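Participant: mind folding the following:
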Amino acid sequence: KNKATTPYKATKLDRAINKVSIFIFSLQFSLVFIFGFIGERLRRTTMAHIWYLDYSDGSESHFSWAIIPLRFLLLNSLMIPISLKVTIDVIKYMYSLFIDWDKKMYCADTDTPATANNTAVAEDLGQVQYVFSDKTGTLTENLMVFKKCSIDGRIFPSEGDSNNPGPQSIQTLKGEIINGDEKVIEFFRALALCHTVVPATNEGNIIYKANSPDEEALVKAAASLDIIFTHRDLRTLEIRVKGEPEVYAILYVLEFTSERKRMSILLRDQKTKNVILYCKGADDVILPRLTDNSTEVEGGSGSALALRHIEDFAKAGLRTLCVTYKVVPEAEYEAWVSRLKVANTNMVDRSKKVEEVYNSIEQGLILAGITAIEDKLQDSVPETIEVLRSAGIRVWMLTGDRYSTAVQIATSCNLLGEGGKDSLITVNPDDSIDSLIQRANEITSQGKVVSVIIEGWVLERVFQSASSKEAFSKLSLIAGSVICCRVTPLQKAEVVKMVKDRGYVTLAIGDGGNDVSMIQSANIGVGISGREGLQAARAADFSIGRFKFLQRLLLIHGRYSYHRTSIVALYCFYKSLYICFMQVMYQLLAGFAGTTFFSSFNLTTYNIVW
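Facilitator: Take a look at the predicted model:
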């Protein structure tokens, strides 16, 4: 559902050259028709009485009328520069080499040079009008650090969080585990069990290998508190809780997807033989699945308190996850396995039915706690966005994070501009977009930069209607920046396509596999070789090591590529038309006979030398 077919990419300059070529081709045939008609008319009337032309030798044939037009077709064949395509392909290849050789776009931290995977779109880099950027790993380092957590209504900061020590300290958290606080232990036990991390041993030390930096940070956080993940194979997981080993049999892993926004694992405790489900994911999909009494804590409703903590974490720019669990009765588990087998063997809508079975067991969960992870901005991100904005390029941020986190990161990286949050317009489902457009125009008339933010579920409603999509498009194009939060990979691609279809040159930049659809939908795709693998870098037209290199890629390589290709195209058209019109003007003196003014050697030499 989140995949899209790879579109064909042609640059704006290529399309302009094709239009000019079609025009010249039409002009060529018009001249052939007009001059051929005049030449044939003169041959049959005036020229027929001139003896040295030998037109009246009586050897008229049925195809004589086509001879002069064919001569003009040969004469005007130089009007379209045949060598233009080859010449442009050669210089485009040189552009890619210039990008590959640019040492100023080499990232020493990751040993990653800039790479041009597509040699056909370099000049579009100099015409980019909209940049669509992912957040995690693109604007940020994707180097996760566990900072805080909320357990049983209490906030615990991690070690080194001096900016906001909170009501509890890290020593208190360690003390709770030592004293046997089951809620705290169960929270970190869930972190040590609910993941896809693989442990490895190096010189007696455990090293964790994970596809997601979030999971690695959470497993390391649990290990630092003496709840250590030690072993994993196809059938079992092993952890040590305060030195005591615990072994669990892996029954099923319900993997994370962009649609599910959660990951679950079904385990059997080898000691108690209980079946336990651990589940973690985004708050908007986890909180509705909690039991009514799952978070009854001192100080009010657990769900309300959890939401307040999540909001506090998000305002600090931290990424949040809700961690839950439940003990599954044996009868319920057996019945669920039977339904899953039926769904897996279904020949119609198999994935939909499997998802329904997954969803049925992920209900009635108990909230173990909430994690808060910090992901720092990359170097020079605010400065890069400011330079791009001063060059007339608008930057949009498309992220799967929640509203508050997206706003905080957008403020930190200077995406909101001078107006800040005062110029931020939030699109709600009940709002009239026409009234929002009017408000945006009022803010713009005051000399401020308008920013628009919309959540994924609202965006889905907007895109269901063609009229509302058109209105949102108008609102977005007024804004200096747009933030789309809680969006799926397919929604990212749809947003890019919305702007691209209005004739603007778009660039999408991301670092993970969930950004591939967005990258391929844009006129130009740029991938960052980050910690989430090389999916985006391999699918993109260009690959760089850091977001800050985008400035040089666009404003240096893009500008020079566009300028050079324009000069070459104009020169090729000029030299072809120049010599061709000399031939055309000569026909006024040659009686429109289709006679060439230059020898074939001169014409061949002209194309080779010039």
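
Participant: go ahead and confirm residue 551 touches residue 386.
Facilitator: No - Residue 551 is beyond contact range of residue 386, at 9.8 Å (criterion: C-beta atoms under 8 Å). The way it works is simple: take the backbone N, C-alpha and C, and place the C-beta from them, glycine included.

Participant: can you give me the end-to-end span of stretch 183-201?
Facilitator: Counting by C-alpha to C-alpha, to the nearest Å, you get 30 Å between the two ends of stretch 183-201.

Participant: tell me the contacts of the closest residue in space to residue 365 that isn't next to it in sequence?
Facilitator: Among residues not flanking residue 365 along the chain, residue 324 sits closest, at 3.8 Å (C-beta to C-beta, 6 or more residues apart in numbering). Residue 324 sits next to 190, 278-280, 286, 289-290, 294, 365-368 when contact means C-beta atoms under 8 Å, 6 or more residues apart in numbering.

Participant: name the element residue 324 belongs to?
Facilitator: In this assignment (DSSP states H and E), residue 324 forms part of strand 319-328.

Participant: pull out the buried residues from that strand.
Facilitator: Residues of strand 319-328 classed as buried: 319-326, 328 (neighbour count, 16 or more other C-beta atoms under 10 Å).

Participant: tell me the strands beside that strand, with direction?
Facilitator: strand 275-281 (antiparallel), strand 366-374 (antiparallel) (DSSP bridges).

Participant: can I get these in JSON lines with distance to residue 93?
Facilitator: Supplementary listing: those in JSON lines, determined by distance: least, C-beta to C-beta, whole Å:
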{"stretch": "strand 275-281", "distance to residue 93": "46"}
{"stretch": "strand 366-374", "distance to residue 93": "43"}
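
Participant: what's the least confident stretch among these?
Facilitator: For the strands paired with strand 319-328, mean pLDDT drops lowest on strand 366-374, to a mean of 91.

Participant: re earlier: identify the bridge partners of the residue nearest to residue 365.
Facilitator: Per DSSP bridges, the residues bridged to residue 324 are residue 279, residue 367.

Participant: kindly report the same for the one 4 residues further on.
Facilitator: Listed beta-bridge partners, residue 328: residue 275 (assigned using DSSP bridges).

Participant: for this protein, name the helix or strand with the lowest mean pLDDT.
Facilitator: For the chain, scoring each helix and strand by mean pLDDT, DSSP states H and E identifies helix 170-178 as the least confident one, at a mean of 77.

Participant: got the CA coordinates for it in CSV?
Facilitator: What follows is helix 170-178, C-alpha atoms only, in CSV (Å, rounded to 0.1, in the frame of the first residue of the first chain):
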residue,chain,number,x,y,z
ILE,A,170,18.2,8.4,37.9
GLN,A,171,19.4,7.2,41.3
THR,A,172,15.8,6.9,42.3
LEU,A,173,15.0,4.8,39.2
LYS,A,174,17.9,2.4,40.0
GLY,A,175,16.8,2.3,43.6
GLU,A,176,13.3,1.3,42.5
ILE,A,177,14.7,-1.6,40.5
ILE,A,178,16.9,-2.7,43.4
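
Participant: just the strands in the stretch 451-600 of the chain please.
Facilitator: Applying DSSP state E, counting those that start in this stretch to the stretch 451-600 of the chain gives strands spanning 451-455, 481-485, 506-510, 524-528, 542-544.

Participant: which helices and strands does the last one pack with?
Facilitator: Judged by 3 or more C-beta pairs under 8 Å, 6 or more residues apart in numbering; DSSP states H and E, strand 542-544 is in contact with strand 115-116, strand 524-528.

Participant: export these to JSON lines and tack on mean pLDDT?
Facilitator: Converted to JSON lines, these look like this (pLDDT from 0 to 100):
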{"stretch": "strand 115-116", "mean pLDDT": "94"}
{"stretch": "strand 524-528", "mean pLDDT": "94"}
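
Participant: residue 155 contacts residue 310, doesn't it?
Facilitator: No - here residue 155 does not reach residue 310: they are 11.1 Å apart, not a contact under C-beta under 8 Å.

Participant: comparing these two, which shows the higher neighbour count?
Facilitator: Neighbour count, other C-beta atoms under 10 Å: between residue 155 and residue 310, residue 310 has more, with 24 against 18.

Participant: run through the stretch 451-600 of the chain and note the low-pLDDT ranges.
Facilitator: In the predicted model, the stretch 451-600 of the chain carries pLDDT under 70 at residues 530-532.

Participant: name the nearest residue to residue 227, sequence neighbours excluded.
Facilitator: Per C-beta to C-beta, 6+ apart, closest to residue 227 is residue 188, 4.4 Å.
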